[in-house]
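Colleague: give me the fold of what follows.
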Amino acid sequence: MKLALIKTAAVSIALIATVGAASACNLATATQFGWDNSAGVQQFGNCNNTAIGQTGWNNTAAGISNGNWNTVVIGQDGAFNTGVVGQNGSFNAGAVQQSGALNYGEVVQNGNFQTGAVIQSGVGNTGALNQTGTGNTALIIQAN
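Modeller: Numbering: from 1, shown residues only. Predicted structure coming up:
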């Protein structure tokens, strides 16, 4: 198992890339506070877990996984934030959770038996979910 952890403050960039064998599980987390932050996590292989948390405004987060049985979760609190999850493979789960105003959340999944969710609370938010394959589950929840 590989573990990567990055914690940053205002106006910073966090980039993580992990590559695992078919039997290895990876965990990558990034936590950022403030404004104008960017976090990107890309994982290859099976059994990968990604968590990105951002508090503030005008932050950008991207979580990408290529393989099977992977999980990517992005949580953002604030305004003008962008969170994007991209997954290729099967049996993956991806979610973007945002609270605040004028945020953009998107989950894109290519493969079979994927679960994707965009959950937003606040005003003026945009949620998008795009899946290709069979047996996929999609959920978008928006509330004021």
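
Colleague: residue ranges with poor pLDDT in this structure?
Modeller: Applying pLDDT under 70 to the chain flags residues 1-23.

Colleague: and the strands in it?
Modeller: 2-8, 13-19, 26-35, 38-44, 48-57, 60-66, 71-79, 82-88, 93-99, 104-110, 115-121, 126-132, 137-143 (DSSP state E).

Colleague: adding mean neighbour count, write those strands out as CSV.
Modeller: Placement of C-beta: from N, CA and C, glycine included. Listed next are the strands of the chain as CSV, based on neighbours: other C-beta atoms under 10 Å:
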stretch, mean neighbour count
strand 2-8, 14
strand 13-19, 16
strand 26-35, 21
strand 38-44, 22
strand 48-57, 23
strand 60-66, 24
strand 71-79, 23
strand 82-88, 23
strand 93-99, 24
strand 104-110, 23
strand 115-121, 21
strand 126-132, 16
strand 137-143, 13
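
Colleague: these two touch, right, residue 76 and residue 100?
Modeller: Yes - counting by C-beta atoms under 8 Å, residue 76 touches residue 100, with 7.4 Å between them.

Colleague: figure out how far stretch 133-143 is from the centre of its chain.
Modeller: 15 Å (C-alpha atoms, centre = their mean, to the nearest Å).

Colleague: what comes into contact with that stretch?
Modeller: Applying C-beta atoms under 8 Å, 6 or more residues apart in numbering, the set of residues contacting stretch 133-143 from outside is 90, 107, 109-121, 125, 127, 129, 131.

Colleague: now it - C-alpha only, CSV.
Modeller: Output of stretch 133-143 as CSV, limited to C-alpha atoms (Å, rounded to 0.1, in the frame of the first residue of the first chain):
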residue,chain,number,x,y,z
GLY,A,133,-21.0,1.7,-20.3
THR,A,134,-23.5,-0.7,-18.8
GLY,A,135,-24.8,-1.1,-15.2
ASN,A,136,-23.9,2.4,-14.1
THR,A,137,-25.7,4.5,-11.4
ALA,A,138,-25.9,8.3,-11.5
LEU,A,139,-27.1,10.7,-8.9
ILE,A,140,-27.3,14.6,-8.8
ILE,A,141,-28.7,16.3,-5.8
GLN,A,142,-29.0,20.1,-5.6
ALA,A,143,-30.5,22.0,-2.7
